[in-house]
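**Student:** Mind looking at a prediction? Sequence and model below.
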Amino acid sequence: MRVVRLLVVTVFFAAIPGVPAQAQEAPRLERLLGIGTHHEPAPVLAAPQGLQDHVANGKLVLSLDDTIRLALSNNTDIRLDRSQIEFAQNSLHRARGPFDPLVTSSFADNRTKSPTIAQTQGAPILETLSQTTAFGFAKTFQTGTNFQSSFSASKLSTNSSLSTLNPSIATDLQFSVTQPLLRNFGLFPNRAPILIAQRNLKQARASFQGEVNDIILRTVGNYWNVILARESLVVQRKSLEEAQKSYDHDKKALGLGALPPLDIYRSESQVASRRVGVIQAEYALKQAEDQFRQIVGADLDPAVRVLDLELIDQPEPLGELPNTDIAAALTRALANRPELEAARQQLASDELIIRLAHNSLKPDLELSGFYLGNGVAGNQFNTANPPQLIGKTGLSDSLGQTFHFTYPAYGAALSLSLPVKNHSAEANLADADASRRRDQYQERRTNQSITLEVTNAVHALEQAKLSIEASKVALDLAQKSLRADERKYELGAETVFFVLDSQIVLAQAELNLIQAQINLQVAVAQVDHATGDLLDHHHVQILERSK
């Protein structure tokens with residue numbers, strides 16, 4: 001009672017608004033309720049793998065394939081996405097639970113002492129001792145058949161002089177079978193949860209493959225973003241050096257009196273403007289590198305996080321530029337994309353759920369039967385006063401009667417449950433129909449999205465190829481134009497304005513070519529992603545985790 005009073009007082013004060021130190025009282029209440037304050041700590045997450053293998057000369061040196069392997073090993077999103085497969089596997093394991101065999105056992109000991117009110121009770125104060133031991137076994141089969149067996153043994157002792165068997169030992173062994181005949185009859189309604197869980201597992205695997213496909217594409221994009229930022233910085237620094245040379249030339253000419261004083265400001269302003277461009281390019285590179293470190297897990301290791309990056313793949317394409325057409329790419333996409341497989345598995349699950357909902361509308365008709373063997377034994381007394389022992393038997397005699405079914409009992413029953421109106425089952429069927437219709441539209445939307453993605457990816461690839469050729473021509477012309485303007489400037493035929501403008505045009509042409517090359521590399525990955533070939537292209541296989 002003291003503990004109960006303390007619990008009531010604690011809960012009362014905890015419920016009063018404004019009571020100080022409520023947060024401090026919560027652990028005290030948990031201890032009072034028997035909730036332990038010391039828990040087993042969660043397992044430590046695995047450290048990033050494979051990063052040290054790519055460290056050379058104080059830099060993290062990576063190719064594109066190296067980057068993809070590290071991302072698949074260390075990326076946090078990969079770990080989060082994979083948990084859906086583990087949950088689906090657990091759900092499948094759980095769906096088999098209704099068919100698990102069940103073994104039960106119990107022992108009970110009861111002693112009573114009560115006054116009597118009649119001589120027929122056999123003693124002035126009636127004392128009894130009852131001890132019961134029971135064992136049971138139950139199993140439901142995938143046909144819906146439920147089998148149960150039980151064995152019990154009871155010993156009864158009393159001081160009643162009227163008891164003919166004292167102590168008495170009673171045993172019984174019973175078998176019973178129940179079979180649904182309408183609702184839940186047959187393999188399908190009982191195996192349906194397992195089949196649905198299997199479909200969900202396939203859907204989870206397909207969804208995970210699609211998410212891996214997305215992460216690889218994002219990894220490729222981040223890799224080339226770093227290279228683009230790096231090359232852009234190189235171009236900006238080169239442009240700054242050219243502007244600095246022009247400024248130094250003008251400054252020298254100004255000192256010799258060959259340049260009007262006001263003309264120096266143009267080249268000087270270009271130096272300042274391009275220095276701003278260099279600063280912006282430097283920080284753009286830092287941001288791209290930070291995003292890259294996150295996707296490969298390098299930000300999780302303090303020793304690797306501070307290392308400079310050296311990405312060794314070059315943006316310039318080697319060999320012939322890839323060719324593809326929309327029709328062929330779309331055919332491959334419809335055959336390979338895991339998102340479509342996930343949608344198909346979802347629709348298959350919907351069909352099973354609808355069939356299961358129809359089963360729930362059936363009447364519940366069950367046939368059951370049992371067979372029972374009884375046995376009883378003990379010390380037998382006559383009715384003389386005092387009673388005299390005239391026979392003695394034990395547990396083995398009772399068991400013999402039970403297992404030989406000397407005194408059998410058996411029977412059968414047929415039960416019917418016929419709901420006049422089953423609103424719940426009807427609503428479940430309506431939900432199942434609505435879910436299937438929604439998932440059909442979802443599949444169509446996925447199909448449309450993939451078709452659009454394939455079309456855009458092929459167009460982006462074609463654009464990138466044409467842009468590379470045009471950018472090469474523009475770069476060549478910009479280089480020639482700059483040399484011509486520099487020559488004219490040296491001869492005094494043009495002002496520095498034209499030289500500086502040509503430098504800007506050349507820098508932009510160099511940036512356009514690099515951007516076009518990067519766009520081509522990304523477009524190739526986008527086509528592979530759209531057609532479902534990205535994993536095969538980079539030799540990635542998704543293996544089942546062993547348990």
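**Tutor:** In hand now; what should we look at?
**Student:** Show me where the stretch 201-350 of the chain has its strands.
**Tutor:** Remark: strands of the stretch 201-350 of the chain, listed N- to C-terminal, are 308-311; assignment by DSSP state E, counting those that start in this stretch.
**Student:** low-scoring stretches of it, by residue?
**Tutor:** 256-263 (pLDDT under 70).
**Student:** Can you list the residue ranges for helices in it?
**Tutor:** Counting by DSSP state H, counting those that start in this stretch, the stretch 201-350 of the chain forms helices over residues 264-296, 302-305, 326-336, 338-360, given from the N-terminal end onward.
**Student:** buried sites along stretch 423-442?
**Tutor:** Judged by neighbour count (16 or more other C-beta atoms under 10 Å), stretch 423-442 contains these buried residues: 425, 428-429, 432, 435-436, 439. For glycine as for every other residue, the C-beta is placed from the backbone atoms N, C-alpha and C.
**Student:** between the helices of the stretch 201-350 of the chain, which gets nearest to residue 129?
**Tutor:** Minimum separation from residue 129 across the helices of the stretch 201-350 of the chain (C-beta to C-beta) falls at helix 338-360, 49.2 Å.
**Student:** Tell me which residues of the closest one come out buried.
**Tutor:** 338-350, 352-354, 356-357, 359-360.
**Student:** Tell me which residue is most central in this protein.
**Tutor:** The residue at the geometric middle of the chain, judged as the C-alpha nearest the mean C-alpha position with C-alpha atoms, centre = their mean, is residue 84 (2.2 Å).
**Student:** and it, which of the three is it?
**Tutor:** Here residue 84 takes the helix state, with states given by DSSP: H, G, I helix; E, B strand; the rest coil.
**Student:** what's near enough to touch it?
**Tutor:** Neighbouring residues of residue 84 by C-beta atoms under 8 Å, 6 or more residues apart in numbering: 204, 207-208.
**Student:** Sort out which one of those residues lies nearest residue 444 for me.
**Tutor:** Of all these, the one with the least separation from residue 444 (C-beta to C-beta) is residue 207, at 17.8 Å.
**Student:** Hmm, the closest one is touching residue 343, no?
**Tutor:** No: distance between residue 207 and residue 343: 9.8 Å, which falls outside the contact criterion (C-beta atoms under 8 Å).
**Student:** Tell me the residues that contact both of those two, please.
**Tutor:** Taking C-beta under 8 Å, 6+ apart as the contact definition, residue 207 and residue 343 share no neighbouring residue.
**Student:** what about the closest residue to residue 228 other than its chain neighbours, neighbour count?
**Tutor:** Leaving aside its chain neighbours, residue 228 sits nearest to residue 518 (4.7 Å; criterion: C-beta to C-beta, 6 or more residues apart in numbering). A count of neighbours around residue 518, defined by other C-beta atoms under 10 Å, yields 22.
**Student:** Residue 518 and residue 227 touch, don't they?
**Tutor:** Yes: the criterion here is C-beta under 8 Å, and residue 518 meets it with residue 227 at 6.7 Å.
**Student:** quick one: common contacting residues for these two?
**Tutor:** Common neighbours of residue 518 and residue 227, using C-beta under 8 Å, 6+ apart, are residue 315.
**Student:** ok, back up a step: tell me how far the residue nearest to the centre of the chain lies from residue 487.
**Tutor:** Residue 84 sits 66 Å away from residue 487, going by C-beta to C-beta, to the nearest Å.
**Student:** Counting residues, name the longest strand you see in this structure.
**Tutor:** For the chain, the longest strand by residue count, based on DSSP state E, is strand 364-381.
**Student:** Model confidence at residue 127, what's the number?
**Tutor:** Among the per-residue scores, residue 127 shows a pLDDT of 76.
**Student:** Same check on residue 463?
**Tutor:** Residue 463 carries a pLDDT score of 94 in this model.
**Student:** The helix or strand harbouring it - contacts with which helices or strands?
**Tutor:** Secondary-structure element containing residue 463, defined by DSSP states H and E: helix 423-491. Helices and strands touching helix 423-491, as assessed by 3 or more C-beta pairs under 8 Å, 6 or more residues apart in numbering; DSSP states H and E, comprise helix 326-336, helix 338-360, helix 496-531.
**Student:** Now the first one: buried residues?
**Tutor:** Along helix 326-336, the positions that meet the burial threshold by neighbour count (16+ other C-beta under 10 Å) are 329-330, 332-333, 336.
**Student:** Using TSV, lay out those residues together with distance to residue 494.
**Tutor:** Below are those laid out as TSV (distance: C-beta to C-beta, whole Å):
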residue	distance to residue 494
329	51
330	54
332	56
333	55
336	58
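**Student:** Can you tell me which of these lies closest to residue 154?
**Tutor:** Top of the list for closeness to residue 154, among the buried residues of helix 326-336 and by C-beta to C-beta, is residue 336 at 67.9 Å.
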